[in-house]
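Trainee: for reference, the sequence and a predicted model appear below.
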Amino acid sequence: MGNTNKISVVINTYNAERILEQCLDSVKDAFEIVLCDMYSDDNTVEIAKKHHCKVFYHKRMGIAEPARNYAIDQAKGEWILVLDADEIVTPELWQFLVGYSKQPKANHMACLIPRDTFVFGKRPVKERPTKRFWKAGNCYYPTGEVHQGPVTRIGNDLKVKGKNISLLHYHLSSISDFNEKTERYTDLELERFERKGKGFSLTMLIIRPLFEFIKYYFINGGILNGTHGLIFSVLKGHYKFLQWAKLYEKEFKEKNPDLFY
């Protein structure tokens, strides 16, 4: 690895061999790559060691945030770049990050990075920029909730812009993959509902999936991507439907403990 920068790349993994080679190749010039594995049983760790990653282990907890925080704590660089194992950093993005780490904008010690998400090999919709790059110690992930973004301790977040400056996110390889993640994450959403004291709402069961479909299909541009965009938007709406349907099921069973299930 080259030492012309002080960027620590942090990646957490579990059975992440699918495009890990390409992910690691895209940041091969980092000061270090810290990989926190949750005891994979595929070739993830072997690939990481081949790329000279610093490998640490964390017990599997169903969500990535605790492992991410642990991995960040092991990093020695002056700046942190957090990646998923299914993301690739474009050369233009890497060049920008190296330059920014040497001369950051005043009072902006964290960056929101554009992300191009690919589903089944094609980019179906626009995604919001994601906070993945910051001065060491300036951000952390709240634990206990799924899909919680990092919190900035000091200063503002810079929204990065520029041609080809983005993360390429190869999110889902199949509908089966999406359904597996949906089952796992919607179970975790029930825990979040319980912590917040949120009860079932028929209105939310109807409106929330519909809004999610409209957002991804019409607002985020799924309609411009043919069948790919339609399928992805419906799947995103189904995620929200299942989330609220599971809450209904949970409350129904609690109120009717004498029924057979």
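Mentor: Yep, it's here.
Trainee: buried sites along the longest helix anywhere in the chain?
Mentor: Criterion DSSP state H: the longest helix present in the chain is helix 226-255. Residues 228-244, 246-247 are the ones in helix 226-255 that count as buried (16 or more other C-beta atoms under 10 Å). The way it works is simple: take the backbone N, C-alpha and C, and place the C-beta from them, glycine included.
Trainee: can you tell me which residues contact the residue nearest the centre of the chain?
Mentor: Residue closest to the average C-alpha location in the chain (C-alpha atoms, centre = their mean): Asp84, at 6.2 Å. Residues near Asp84 by C-beta atoms under 8 Å, 6 or more residues apart in numbering: 11-12, 169.
Trainee: which residues of the stretch 51-200 of the chain fall in helices?
Mentor: Taking DSSP state H, counting those that start in this stretch, the helices of the stretch 51-200 of the chain run over residues 65-74, 91-102, 175-195.
Trainee: distance to Ile223 for the ones you listed - can I get that in a markdown table?
Mentor: What follows is the helices of the stretch 51-200 of the chain, written out as a markdown table (distance: least, C-beta to C-beta, whole Å):
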| stretch | distance to Ile223 |
| --- | --- |
| helix 65-74 | 33 |
| helix 91-102 | 28 |
| helix 175-195 | 20 |
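Trainee: Thr203 is nearest to which of those?
Mentor: For Thr203, the closest of these is helix 175-195, at 15.1 Å, according to C-beta to C-beta.
Trainee: pull the residues that contact the helix or strand following that closest one.
Mentor: In the C-terminal direction, the helix or strand that comes right after helix 175-195 (DSSP states H and E) is helix 202-214. Residues outside helix 202-214 that contact it (C-beta under 8 Å, 6+ apart): 233-234, 236-241, 243-245, 248.
Trainee: do that again at 7 Å, thanks
Mentor: Contact with helix 202-214 is made by 233-234, 236-238, 240-241, 244-245, 248, as judged by C-beta atoms under 7 Å, 6 or more residues apart in numbering.
Trainee: out of the residues you listed, which is nearest to Pro114?
Mentor: Lys236 (19.3 Å).
Trainee: which residues sit in contact with the closest one?
Mentor: Contact analysis of Lys236 by C-beta under 7 Å, 6+ apart lists 212-213, 216.
Trainee: ok, it to Leu112 distance?
Mentor: Using C-beta to C-beta, to the nearest Å, Lys236 is found at 21 Å from Leu112.
Trainee: residues touching Pro114, list them.
Mentor: Pro114 sits next to 129, 160, 165-166 when contact means C-beta under 7 Å, 6+ apart.
Trainee: could you dump those residues into JSON lines and include distance to Lys253 and neighbour count?
Mentor: Conversion of these to JSON lines gives the following (distance: C-beta to C-beta, whole Å; neighbours: other C-beta atoms under 10 Å):
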{"residue": "Pro129", "distance to Lys253": "40", "neighbour count": "17"}
{"residue": "Val160", "distance to Lys253": "47", "neighbour count": "18"}
{"residue": "Ile165", "distance to Lys253": "49", "neighbour count": "18"}
{"residue": "Ser166", "distance to Lys253": "44", "neighbour count": "22"}
